[in-house]
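**Student:** I'll drop the sequence and a predicted model, then ask my questions.
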Amino acid sequence: MLGDRSFGDASSGGTPPGAPAGGDRPGRRALILVENLSVPFDRRVWQECTTLRDAGWEVHVICPRGTKRDTEPEAEIDGVRIHRYPLRAATGGPAGYLREYGSALWHTARLARKVGPVDVVHACNPPDLLFLPALWLKRRGARFVFDQHDLVPELYLSRFGRGEDLLYRAVCALERLTYRAADVVLATNESYRDVAVRRGGRRSEDVFVVRSAPDVDRFHPVPPEPGLKRGKPHLLCYLGVMGPQDGVDYALRALAKLRDDLGRTDWHAVFVGGGDTFEAMVELSGRLGLAEQVQFTGRIPDADLARYLSTADVCLSPDPRNPLNDLSTMNKVLEYMVMGRPIVSFDLREARVSAGDAAVYAAANDEAEFAGHIALLLDDPEQRARMGRIGQERISGRLSWRNSQASLLAAYAAACRDRAPASPGGPDRAPRRQRR
């Protein structure tokens, strides 16, 4: 889902369409706050950064350091200034998350003071805690843009299975506070927009849909490499995060049914990505007797990812239906589409919005039907090619990043209406009557 889920290198975006939201008013400064991924590894955030830069904004980012890349504490990349802090990912339950989030907030506040006055503070969830440093900056005249990558209450229900307990009520309260503090909200799709209006009490005119989309100039098909199929006629590919709610276990059980119930052994499968359950999924693959047919690569560079996806005959989107997945846009689906690959997915609301006829849909969480759809596509190369063309047409059309650029700039224009630019060298010059 958006919640970001992108792998490999990011690069500069193109010049945004239409009139810039701030490019005609020099001196505009934006500060983007991210907690769950480093930048530019977070592809959506990086595309937003380069869009704003091309519109004339001075863009700063505060984010955690990566483990294998994005490791420098400070960097300026393509004109975007990135300030990174050390962060240890949560382990050991709620106490681990408290340590992670407490450390992230302290470092974010420290680096925000270093950046100085800004016109817009743009906070990307999860978690729904970055409204705290955003409020501090609002009191100094900044406008607050909330970029809702994930529905955290639904994420909590789907990931932990604890029901609507005290922690669930706490994350709901934090979401309400974030909505209330924001001047405008960026939603990744119409379902998220509906939540912001219905549950968040936001006016519809203050919520802008900014869909995530692959950069088609950078990420595109390459010649297939039959050797990646490990001697099999067909290659199946999964790309994405491997967490409790991501359905890799569903995909593995479906592949076991493809072999055992349908008698199909004419395939090799590659699972690209990492996450909390990576080791558990490797172990499950072994228990299912799939170790010889299923390869786990971990996270890999974009060049290698393009090789696998360009060779794949069918791509897998096994996210089960749960409160989060049904409403979320899956980045992997979009990346499969840009590479012209047919998709097998469970029947989720936003999966259909994104993929349309570029995918076939199994009944929610039905692993046997999922396996059956894979088998049918493997036997129908014409249908696979037709679905691939549909996906590419959708990505280059209404789902393109160029449309999202226009919406992002419109959101910034709405947030900054009638606001004087901040001064990086002195006190904020925004009149007090404009502060909220």
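**Tutor:** Yes, it's here. Numbering: from 1, shown residues only.
**Student:** And the spatially closest residue to A422 that is not a sequence neighbour, its phi and psi?
**Tutor:** The shortest distance from A422 to any residue other than its chain neighbours is 4.0 Å, reached at P117 (Cβ to Cβ, 6 or more residues apart in numbering). Where you see a C-beta, it was placed from the backbone N, CA and C, and this is true even at glycine. Main-chain dihedrals, P117, degrees, to the nearest 10: phi -60, psi 140.
**Student:** Relative to L135, how far out is P117?
**Tutor:** 15 Å (Cβ to Cβ, to the nearest Å).
**Student:** Looking at those two, which one has more neighbours?
**Tutor:** P117 (20 against 15; other Cβ atoms under 10 Å).
**Student:** you'd agree the more buried one is up against R139?
**Tutor:** No. P117 is beyond contact range of R139, at 11.6 Å (criterion: Cβ atoms under 8 Å).
**Student:** quick one, strands of the stretch 251-400 of the chain?
**Tutor:** Assigned by DSSP state E, counting those that start in this stretch, the strands in the stretch 251-400 of the chain fall at 267-272, 294-298, 314-317, 343-346, 359-362.
**Student:** what's the most buried one of those strands?
**Tutor:** Mean neighbour count (mean count of other Cβ atoms under 10 Å) peaks for strand 314-317 among the strands of the stretch 251-400 of the chain, with a mean of 27.
**Student:** Alpha carbons of that strand, as CSV, please.
**Tutor:** C-alpha atoms of strand 314-317 as CSV (Å, rounded to 0.1, in the frame of the first residue of the first chain):
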residue,chain,number,x,y,z
VAL,A,314,2.5,-13.3,-14.1
CYS,A,315,2.8,-11.0,-11.1
LEU,A,316,1.3,-11.6,-7.7
SER,A,317,-0.6,-9.2,-5.5
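**Student:** Quickly run through the sheet partners of it, with directions.
**Tutor:** If you go by DSSP bridges, strand 314-317 pairs up with strand 234-239 (parallel), strand 343-346 (parallel).
**Student:** Now tabulate those strands in JSON lines and tack on distance to T91.
**Tutor:** Below are those laid out as JSON lines (distance: least, Cβ to Cβ, whole Å):
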{"stretch": "strand 234-239", "distance to T91": "25"}
{"stretch": "strand 343-346", "distance to T91": "29"}
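**Student:** Select, out of these, the one closest to G163.
**Tutor:** strand 343-346 (22.5 Å; Cβ to Cβ).
**Student:** Could you pull up the mean pLDDT of the closest one?
**Tutor:** What strand 343-346 shows for mean pLDDT is 98.
**Student:** Give me the residues contacting that strand.
**Tutor:** Here strand 343-346 makes contact (Cβ atoms under 8 Å, 6 or more residues apart in numbering) with 247, 250, 314-321, 333, 336-337, 351, 355, 358-366, 370, 373-374, 377, 387, 391.
**Student:** can you redo the strands of the stretch 251-400 of the chain as TSV with distance to D165?
**Tutor:** Output for these, formatted as TSV (distance: least, Cβ to Cβ, whole Å):
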stretch	distance to D165
strand 267-272	32
strand 294-298	34
strand 314-317	30
strand 343-346	27
strand 359-362	31
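**Student:** closest one to H149 among those strands?
**Tutor:** Per Cβ to Cβ, nearest to H149 of the strands of the stretch 251-400 of the chain: strand 314-317, 18.2 Å.
**Student:** mind checking how far the closest one is from the chain centre?
**Tutor:** 18 Å (Cα atoms, centre = their mean, to the nearest Å).
**Student:** If we ignore the residues flanking it in sequence, what's nearest N36?
**Tutor:** Closest to N36 by Cβ to Cβ, 6+ apart is P126, at 5.8 Å.
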